[in-house]
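Peer 1: Turn this into a structure:
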Amino acid sequence: MQLSAFLPYAADPREVVDRVVEWEAAGLDGVWVAEAYGFDAPTLMGYLAARTGRVTIGSAILPIYSRTPALIAQTAAGLDALSGGRAILGIGASGPQVVEGWHGVPYDRPLARTRELVDICRRVWRREVVVHDGAYRIPLPPEEGTGLGKPLKILTRPVRDRIPIHIASLGAKNVRMTAEIADGWLPTLFVPEKAHDVWGEALAAGKALRAPELGPLDVVAGGALAIGEDVAALREAVRPTIALYVGGMGARGRNFYHDLVGRYGYEAEADEIQDLYLQGRKDEAAAAVPAELVELTSLIGSAGHVRERIAAFAEAGVTTLNVTPVGPEPVADLAAVKGWLS
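Peer 2: Below is the predicted model:
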C-alpha cells in the first residue's frame, strides 16, 4: 500500500509546499491537490514539481467542466514533463452548484463527458490527430464557428503516453465507469467497513469490462491522521468538514455526499445535518455528525487504533492510503504510517 496526502483547499500555498518537502523526506509517496473555487490546482502542482523529487503529484480534482479536454490533456502533459513523469490526472464532475454557479456552464451529461474526456486525453498523449464527435466535438463543426478549425495533434512530445487518470466518483453508475476505464478511483468519506455493501456491485461490474492493459484499479482513500494517546479531541476537528460536505456541498436533492452518508445507514442524520447547515447553523450541523462516522472515516487515535484502521482500509481494497495530517507531529505520524505500510 502506498501513502499519499491530501492538501488543504485554503492554506498558504508556499507553506503547504514547505510541508510537503518535509513529508516527502518522511516517506510520503504522493500528494493530491484540491481545486474547488479557490486557487487553481495546476499552479500549485507545478510549484510542487519544482520543490520535490520523488512524490507523485495528482489533481484531486480538476472539474471536467472547467476546461476543454484538450487543455486538460495539455496541462497533465506539461506537469508530467516538469515533474519527470510524476503527474497523476485526477478528474471529476464536481456538482451543479460549482459548475453552473462558478464556471457558468451547464452541468450536463457528466458520465458521457467523463468517458469521452478520458479517451481524448489518452489520444492526445499518444500524439494522435484528434477528431471526436460526441458530447465534445473536435474540431468544432463549421456551422458553429468560422469553419476554419482543423484536426490537430499536440505539438510537444509528452514524457509518457499513459499518464494515470483517477476519477472521483460516488454514485453506482459513475463508480462502475471508473472501475472500467480509469487507472484509479478517488472516493470521498470512505468507510471501509461499509464500502463493499455500497460499491461492491458497481466495482465488480466495471472491472468485468476493464481492459487488461489498464492493470489493477488504484483505490485511493483514507482520512484525517493523528497518532497518540491524547489525540481523540482532534476527531472533533473533523466534524465541520464532514458537515460541510454532507450539508453544504450541493443543493437539497442534489448533494452526492449527503446521499452517500444515507447509503451508509445514516439517513436521518444526513437529513438533520443538511437541514441545519442550509439554515446557517453550521456548528449545530457539525455536532450532528455521528461519532461513529467520524471514527470510521479517520485515522485518529493510539498507534494500535491507527494500525487497526489501516488494516480495515486494506481489507476494503484500498491500495493508496490517502491521509490528511492533523496532529501536532505530522512528520512523525507520516513516518510511522509509512513504516507500518512497509
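
Peer 1: switch to C-alpha atoms for all contacts and neighbour counts from now on
Peer 2: OK.

Peer 1: show me the contacts for the closest residue to residue 255 other than its chain neighbours.
Peer 2: Nearest residue to residue 255 in three dimensions, chain neighbours excluded: residue 249, at 6.2 Å (CA to CA, 6 or more residues apart in numbering). Contact partners of residue 249, counting by CA atoms under 8 Å, 6 or more residues apart in numbering, are 95, 255, 257.

Peer 1: of the residues you listed, closest to residue 156?
Peer 2: residue 95 (32.9 Å; CA to CA).

Peer 1: shouldn't that closest one be in contact with residue 107?
Peer 2: Yes - contact criterion CA atoms under 8 Å: residue 95 and residue 107 qualify, at 7.4 Å.

Peer 1: what's next to the lowest-mean-pLDDT helix or strand in the chain, contact-wise?
Peer 2: Least confident helix or strand, the chain: helix 96-101 with a mean of 93, by mean pLDDT, DSSP states H and E. Here helix 96-101 makes contact (CA under 8 Å, 6+ apart) with 36, 37, 63, 65, 66, 105, 106, 107, 250, 251, 254.

Peer 1: what about the strands in the stretch 51-200 of the chain?
Peer 2: For the stretch 51-200 of the chain, strands defined by DSSP state E, counting those that start in this stretch occupy the ranges 56-59, 62-63, 87-92, 132-133, 137-138, 165-168, 184-185.

Peer 1: With mean neighbour count and mean pLDDT added, can I get those in JSON lines?
Peer 2: Output for those, formatted as JSON lines (neighbours: other CA atoms under 10 Å; pLDDT from 0 to 100):
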{"stretch": "strand 56-59", "mean neighbour count": "26", "mean pLDDT": "98"}
{"stretch": "strand 62-63", "mean neighbour count": "24", "mean pLDDT": "97"}
{"stretch": "strand 87-92", "mean neighbour count": "26", "mean pLDDT": "98"}
{"stretch": "strand 132-133", "mean neighbour count": "13", "mean pLDDT": "98"}
{"stretch": "strand 137-138", "mean neighbour count": "14", "mean pLDDT": "98"}
{"stretch": "strand 165-168", "mean neighbour count": "26", "mean pLDDT": "98"}
{"stretch": "strand 184-185", "mean neighbour count": "24", "mean pLDDT": "98"}
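
Peer 1: returning to that earlier point: list buried residues within the contacts of helix 96-101.
Peer 2: Buried members of the contacts of helix 96-101, counted by 16 or more other CA atoms under 10 Å: 36, 63, 65, 66, 107, 250.

Peer 1: Can you lay out the strands of the stretch 51-200 of the chain as TSV showing distance to residue 2?
Peer 2: Output for the strands of the stretch 51-200 of the chain, formatted as TSV (distance: least, CA to CA, whole Å):
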stretch	distance to residue 2
strand 56-59	11
strand 62-63	22
strand 87-92	14
strand 132-133	36
strand 137-138	37
strand 165-168	15
strand 184-185	13
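
Peer 1: between those, which gets nearest to residue 16?
Peer 2: The nearest among those, by CA to CA, is strand 56-59 at 13.3 Å.

Peer 1: What's the local residue count around residue 55?
Peer 2: 23 (other CA atoms under 10 Å).

Peer 1: wouldn't it be in contact with residue 31 here?
Peer 2: Yes - counting by CA under 8 Å, residue 31 is a contact partner of residue 55 at 6.8 Å.

Peer 1: in the stretch 151-300 of the chain, which spans are helices?
Peer 2: Using DSSP state H, counting those that start in this stretch, the helices of the stretch 151-300 of the chain run over residues 172-181, 192-208, 239-243, 256-263, 267-278, 282-287, 291-296.

Peer 1: Quickly compare these and say which is most buried.
Peer 2: helix 172-181 (a mean of 23; mean count of other CA atoms under 10 Å).

Peer 1: just checking, what packs against that helix?
Peer 2: helix 110-125, strand 184-185, helix 192-208 (3 or more CA pairs under 8 Å, 6 or more residues apart in numbering; DSSP states H and E).

Peer 1: Residue 49 and residue 58: what is the separation?
Peer 2: 11 Å (CA to CA, to the nearest Å).

Peer 1: related to what we said a few turns ago, would you turn the helices and strands packed on helix 172-181 into TSV with distance to residue 312?
Peer 2: Formatted as TSV, those follow (distance: least, CA to CA, whole Å):
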stretch	distance to residue 312
helix 110-125	30
strand 184-185	18
helix 192-208	6
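
Peer 1: Of the ones you listed, which is nearest residue 263?
Peer 2: helix 192-208 (6.7 Å).

Peer 1: For the closest one, what is the distance to the chain centroid?
Peer 2: Mean-position distance between helix 192-208 and its chain equals 18 Å (CA atoms, centre = their mean, to the nearest Å).
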